[in-house]
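Peer 1: Output the structure for:
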Amino acid sequence: MSTARVDHLVTSGQFSLDGGTWEVDNNVWIVGDDETAVVIDAAHDADAIAAAVGDRRLLAIVCTHAHNDHIDAAPALAERTGARIWLHPDDAPLWRQTHPDREPDQWLADGQVIETAGTDLTVLHTPGHAPGAVCLYAPGLGTVFTGDTLFQGGPGATGRSFSHFPTIIDSIRDRLLTLPPETVVRTGHGDSTTIGDEAPHLDEWIARGH
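Peer 2: Numbers count the residues shown, from 1 in each chain. All right, here's what the predicted structure looks like:
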């Protein structure tokens with residue numbers, strides 16, 4: 001029986017890529033119960049994330065992709081907690097831009113299941129925003145953690161290195177919009193939404209080339 005719940009933290013810092021830097025607020029998601037937890041995207045502030053985890057045993061730090069604002073606090077959090085860092089191997093080049101001296105501990109694979117507090121997080125490889133972008137689908141919680149693949153109002157940005165608009169559209173269409181419409185979409189930045197709220201707008205996103 002699942003006792004899992006989702007805790008939410010917002011951390012602030014900088015996103016840097018292709019020579020530009022932007023101030024950003026990131027969503028950090030913690031899935032677990034009173035004993036154990038998994039962190040999705042260790043952004044900016046290892047101290048704040050560790051405080052939110054509390055005295056629970058941190059089983060894993062799962063990276064939805066390797067843009068620096070989603071992984072900058074991961075090594076420090078891993079060092080504090082002993083948790084292993086998971087990333088899809090296609091994002092290794094991006095990871096090394098931020099952490100050249102520290103590889104992830106394990107590689108994520110499409111279809112892999114990460115278990116926490118009696119609930120399953122299924123890895124969906126959803127390239128486009130980044131080559132190794134993944135979403136984590138938790139059917140028992142009725143939610144999907146989409147990182148920067150799908151937001152309220154459309155796809156993640158594809159205007160920078162390692163990103164590709166037709167690919168993110170394929171990922172969203174084939175991997176996310178096929179989920180139950182009531183599935184809550186918990187994003188890497190900004191407000192949550194649902195699959196049912198976003199699905200009708202796919203053709204609009206394609207038309208405007210986002």
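
Peer 1: Please make it C-alpha for all contacts and neighbour counts, starting now.
Peer 2: OK.

Peer 1: Where does pLDDT dip in the chain?
Peer 2: For the chain, the stretches flagged by pLDDT under 70 are 210.

Peer 1: again, only this time at 80
Peer 2: Scanning the chain with the threshold set as pLDDT under 80 gives 1-2, 210.

Peer 1: now the helices: where do they sit in it?
Peer 2: Applying DSSP state H to the chain gives helices spanning 46-53, 68-71, 74-81, 92-98, 165-171, 195-198, 202-208.

Peer 1: Point out the most buried one among those.
Peer 2: Neighbour counts (mean count of other CA atoms under 10 Å) averaged over each of the helices of the chain peak at helix 68-71, with a mean of 25.

Peer 1: what's in contact with that one?
Peer 2: Applying CA atoms under 8 Å, 6 or more residues apart in numbering, the contact partners of helix 68-71 are 13-16, 24, 26, 41-44, 63-65, 94-95, 98.

Peer 1: which of the residues you listed lies closest to Val123?
Peer 2: Thr64 (9.4 Å; CA to CA).

Peer 1: residues touching Thr81, list them.
Peer 2: When contacts are counted by CA under 8 Å, 6+ apart, Thr81 touches 50, 57-58.

Peer 1: count of residues packed around Leu59?
Peer 2: Residues lying near Leu59 (other CA atoms under 10 Å) number 20.

Peer 1: Was I right to think Asp148 contacts Val185?
Peer 2: No: using CA atoms under 8 Å, Asp148 is not in contact with Val185; the gap is 11.0 Å.

Peer 1: Quickly list what Thr11 is bridged to.
Peer 2: Note on Thr11: beta-bridge partners Asn26, judged by DSSP bridges.
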